[in-house]
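In: fold the following for me, if possible:
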Amino acid sequence: MKYTHYNKETKQILGYYDDEIHESIPEPNFQISDEIWQEAIDKNANKVDAKTKTLFFEAKEPTLEELKSLKLTELELWFEAMKNKSKIELKGFGIIDGGYKYLLNASAMVENYELLPQKVFRMWDDSFKPIDLNGLKAIKRAIELAGIKLHSIKWEYEARIASANDKDELEAIVFYDVIEIDLGASNE
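Out: Next up, the predicted model:
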């Protein structure tokens, strides 16, 4: 027969023993069938209910530091995605693409405006909007500013994660997918 050895206070499974293999079986323990043993192995059982002689898996609640580390990893993934392609809400114009390749495209359009076969700009939703040279310069500036602002936003998120006091505060931190730019604002 097989036996489950466990910690009486924490109910943590400490090991499995077989009386055909082991000469002594530590206490406390209780006898289990081969089927129950196999099921416990398959389910990664880590706890016991000694009264009902059942074995079960109880997920360990992550510590606040582990949760913060996971949130920082999530932030890094968000940041990398936003560097590559982000939504920029350009006040007075609409939602445009942001990111390095979009900045290169806007720069090339500004430098070669007279050669553009169509004087239009592709928006986030893939629609086209008529554009003049000053409009393209504004878009280029908006993408540049959004890149700068993205770093500031990331630093704000890092500070909020670091100062979170519990799981609920961490879960309340939501990474937004739109960067708002107002070229008419005095701070931009």
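In: okay, now the domains of this protein?
Out: Using automatic domain parsing, the domain parsing of the chain gives 2-56, 64-181.
In: for the most centrally placed residue in the chain, which residues are in contact?
Out: A centroid search over the chain (C-alpha atoms, centre = their mean) returns E74, at 2.4 Å, as the residue closest to the centre. Remark: with contacts taken as C-beta atoms under 8 Å, 6 or more residues apart in numbering, E74 is in contact with F175. All C-beta spots, glycine's among them, are computed from the backbone N, C-alpha and C.
In: let's number from 14 now, not from 1
Out: Sounds good: first residue 14 from here, last item E87.
In: ok, how many other residues are close to the nearest residue to V123 once chain neighbours are set aside?
Out: Distances taken as C-beta to C-beta, 6 or more residues apart in numbering place L149 nearest to V123, at 4.9 Å, with adjacent residues excluded. Neighbourhood size, L149 [other C-beta atoms under 10 Å]: 20.
In: quick one: L149 and K132, what's the gap?
Out: Shown here: L149 relative to K132, a distance of 9 Å by C-beta to C-beta, to the nearest Å.
In: what do the two both touch?
Out: Residues touching both L149 and K132 by C-beta under 8 Å, 6+ apart: Y126.
In: and the domains of the chain, which one's lowest on average pLDDT?
Out: Among the domains of the chain, domain 15-69 has the lowest mean pLDDT, at a mean of 92.
In: and the end-to-end length of that domain?
Out: End-to-end span of domain 15-69 (C-alpha to C-alpha, to the nearest Å): 16 Å.
In: chain center to that domain: distance?
Out: Its chain's C-alpha centre and that of domain 15-69 lie 37 Å apart, by C-alpha atoms, centre = their mean, to the nearest Å.
In: just stretch 159-176 next, same as before
Out: Using C-alpha atoms, centre = their mean, the mean C-alpha position of stretch 159-176 is found 14 Å from that of the whole chain.
In: what's the residue located most distally from the centre of the chain sitting at in phi/psi?
Out: For the chain, the residue at maximal distance from the C-alpha centroid (C-alpha atoms, centre = their mean) is E36, at 49.8 Å. E36 adopts backbone torsions of phi -80, psi -40, taken as degrees, to the nearest 10.
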